[in-house]
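Student: what follows is a predicted structure for the sequence shown.
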Amino acid sequence: MQSTRTFKDRIFLIIKGLAMGAANKVPGVSGGVVAFVAGFYEEFIYSLQRVNKTAFKLLINGRFGSFYQYINGRFLGLLFLGMVVSYFSVSKILDYLIVNYELYVWSAFFGMILGSIYYISKDFKAWNKKTITALILGTAIGISISFLDPAKENDNLWFVFFCGIVSVSGMTLPGFSGSFILILLGNYVLLLVDSVNALYDTITEIFSGNFDFIKDEVRIRMLKVLGVFTLGSVTGLVTFSHVLNYILKHYKNITLATLVGFIVGSLGVVWPWKETIYKTNSDGSYILDSTGSQIVGNYERFFPEATAETYIAIAYIVLGILIVLGLEWYGQRTRQIKT
C-alpha cells in the first residue's frame, strides 16, 4: 500500500492532512468529513486500528521497519505531518478569516457540509427501517449537541485527559466536531489556544537560547496540560479506531446512516447566520482568555434578511458545495487513472 504511492500522492496526502487539521480546529466542522469526502476515511480508520499489541511487540523488539510497515506508517506520517503544520499555519489563517469574515467563512463551511451530505448519501442504497432510524437518531444527537450550554473551564489533568479522548471524535466520527465538544466542556480556549500558544512561545524561546520559562509556573502548567491533552487524544484515536473498525465491519449500513445523521445535525452548529454569545461572570462582565479576548459561549441563530451581504453568503454556500463536488470529481478521476 505504501510503496505504490507516487510523489504526487504524498503531496496530496499532506494537503489532506492540512485540511483535516484546519477543520478539526474550527467549532462545528469535523475533520472526519474531510477524510470521508477525500476518500481515505476507511484507510485512516484501518491504519489507526493497526496500532495494537502486535505493533507494540514489533516496536519493543526493535523491528522498526516492520512496525512502520505494519501500521501503514507512510500514510499516517504524511497525514499527521499535514495536521501538525496546519495547527500552526492554516488554522491561524482560519482564525483570522473567522474574526474578519465570519459570515462568509461559516457560509463556505455550511456549503461544504451540504456537499458532503450529498457525497456520502448519493451511493447509499440500503435504506430500511433500521438505517432510517439510525439517520434520525444521529441527526437528533447532532442537533441537540449544537444547542447545549458550555461548561466552565477546568484544567484538572484527569479532565484534560478525558477532553483529549473526546475531542478526537471529530477525526474519527464525521459530523462530530471535536472543537465544538471542547467548547461545551469549557476547555476550547485552554486546550486549543492557551496551551498551544504556550508551546509556540516555548519553542521560540528555546531556539533563541532563552530557558527562563523553566521558572514560569504558569507556562509549565500549560505545557503539562497540552501534554496530557495530547496523550488523551492519542488514546482516543486508537480506541475509537478499533471500535469503529469493528462496527464498520459488522454494522456498516447502520453506522454510515448514523454518520450521515451526525453530519446533518452539525449543520446547526455551522449555520452562517448567528450571533455569538460570550461567556460572562456573575456581575455581567465578559470572561476573557489569556490574550484578553472574550470567550465564546454559544450562538443565537436567526434567519437572514434579503440584503447584498446575504446574497454574497449564499454564493459562498454554493462555492462550498462546488468545492466538495470538485474533490469528488478529482477522486473519481484519480481512481480511474490508477485502474
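Tutor: All right, it came through fine.

Student: could you pull out the strands for the chain?
Tutor: In the chain, the strands defined using DSSP state E lie at 274-278, 296-301.

Student: chain center to the shortest one, what's the gap?
Tutor: What that stands for is strand 274-278. Distance of strand 274-278 from the chain centroid (C-alpha atoms, centre = their mean, to the nearest Å) equals 21 Å.

Student: which strands border it, and is each parallel or antiparallel?
Tutor: Strand 274-278 has its sheet partners listed here by DSSP bridges as strand 296-301 (antiparallel).

Student: give me the number of residues near residue 45?
Tutor: Residue 45 has 23 neighbours, counted by other C-beta atoms under 10 Å. The C-beta positions use only the backbone N, C-alpha and C, and glycine is treated the same way.

Student: what separates it from residue 173, distance-wise?
Tutor: 10 Å (C-beta to C-beta, to the nearest Å).

Student: got any residues that touch both of those two?
Tutor: residue 244 (C-beta atoms under 8 Å, 6 or more residues apart in numbering).

Student: need the contact list for residue 66.
Tutor: Applying C-beta under 8 Å, 6+ apart to residue 66 gives the contacts residue 58.

Student: rerun that using 10 Å as the cut-off
Tutor: 54-55, 57-59 (C-beta atoms under 10 Å, 6 or more residues apart in numbering).

Student: residue 75: neighbour count?
Tutor: When neighbours are defined as other C-beta under 10 Å, residue 75 has 20 of them.

Student: pretty sure it is touching residue 47, no?
Tutor: Yes. The pair residue 75 and residue 47 qualifies as a contact (C-beta atoms under 10 Å) at a distance of 5.6 Å.

Student: tell me the mean pLDDT over stretch 113-124?
Tutor: Summarised as a single mean, pLDDT over stretch 113-124 is 79.

Student: so what touches it?
Tutor: With C-beta under 10 Å, 6+ apart, stretch 113-124 has contacts from 28-30, 32-34, 36-39, 41, 127, 131, 135, 174-175, 253, 256-257, 259-261, 263-264, 266-267, 269-270, 317-318, 320-328, 331.

Student: same deal with stretch 42-55?
Tutor: Residues outside stretch 42-55 that contact it (C-beta under 10 Å, 6+ apart) are 1, 16, 20, 31-32, 35-36, 38, 40, 59, 66-76, 79, 168, 171-172, 234, 237-248, 252.

Student: list the buried residues of stretch 142-149.
Tutor: Buried residues in stretch 142-149, defined by neighbour count with 16 or more other C-beta atoms under 10 Å: 142-143, 145-146.

Student: and those as TSV, adding distance to residue 191 and pLDDT?
Tutor: Putting these into TSV (distance: C-beta to C-beta, whole Å; pLDDT from 0 to 100) gives the following:
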residue	distance to residue 191	pLDDT
142	22	80
143	25	82
145	18	76
146	20	72
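
Student: and which of those residues is nearest to residue 106?
Tutor: Nearest to residue 106 out of these is residue 146 (C-beta to C-beta; 12.9 Å).

Student: just the buried ones from the contacts of residue 66?
Tutor: 55, 58-59.

Student: and those residues, which is closest to residue 275?
Tutor: Proximity of the buried ones among the contacts of residue 66 to residue 275 (C-beta to C-beta) peaks at residue 55, which lies at 47.8 Å.

Student: nice, that's everything, thank you.
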